[in-house]
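Asks: Give me coordinates for this.
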Amino acid sequence: VDTEFVGPGDHLYRNYHTGLNGKPCNTDGIFLLPGTPPPPLENVATGDWTPFRNRTEFETAEFLY
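Replies: Next comes the predicted model:
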């Protein structure tokens, strides 16, 4: 994808990623029908920081990124 952000005549425009569109989908990546609520969140054990080993790693990644 070309990342040029200034068009002819110095007009601004945006390039959109062809595969990333923000549509809601299920855990298998299948798009939900319009108006369908997203699936419920899974119940995870308290203290489960997957894919991180612990809360410190999670919070460090959250802070940095």
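Asks: where does this structure dip in pLDDT?
Replies: 1-16 (pLDDT under 70).
Asks: just the helices in it please.
Replies: Counting by DSSP state H, the chain has helices at residues 55-64.
Asks: and the most centrally placed residue in it, what does it touch?
Replies: Here the mean C-alpha position of the chain is nearest to the C-alpha of residue 22 (Cα atoms, centre = their mean), at a distance of 7.3 Å. For residue 22, no contacting residues are found, by Cβ atoms under 8 Å, 6 or more residues apart in numbering. (Glycine included, C-beta is placed from N, CA and C.)
Asks: Give me the phi and psi angles of it.
Replies: Main-chain dihedrals, residue 22, degrees, to the nearest 10: phi 80, psi 10.
Asks: That one and residue 32: what is the separation?
Replies: Taking Cβ to Cβ, to the nearest Å as the measure, residue 22 falls 12 Å from residue 32.
Asks: Identify each buried residue in stretch 57-65, please.
Replies: Of the residues in stretch 57-65, none count as buried by neighbour count, 16 or more other Cβ atoms under 10 Å.
Asks: Check the burial of the residue nearest to residue 39 when sequence neighbours are not counted by counting its neighbours.
Replies: Closest residue to residue 39 apart from its sequence neighbours, by Cβ to Cβ, 6 or more residues apart in numbering: residue 26 at 5.7 Å. For residue 26, the neighbour count with other Cβ atoms under 10 Å is 11.
Asks: Next, give phi and psi for residue 26.
Replies: phi -90, psi -180.
Asks: Please renumber the chain so that the first residue is 39 from this point on.
Replies: Yep, numbering from 39; the last one is residue 64 now.
Asks: So it is in contact with residue 70, correct?
Replies: Yes - look at residue 64 against residue 70 with Cβ atoms under 8 Å: they come within range, at 6.5 Å.
Asks: so how far is stretch 86-102 from its chain's centroid?
Replies: Mean-position distance between stretch 86-102 and its chain equals 17 Å (Cα atoms, centre = their mean, to the nearest Å).
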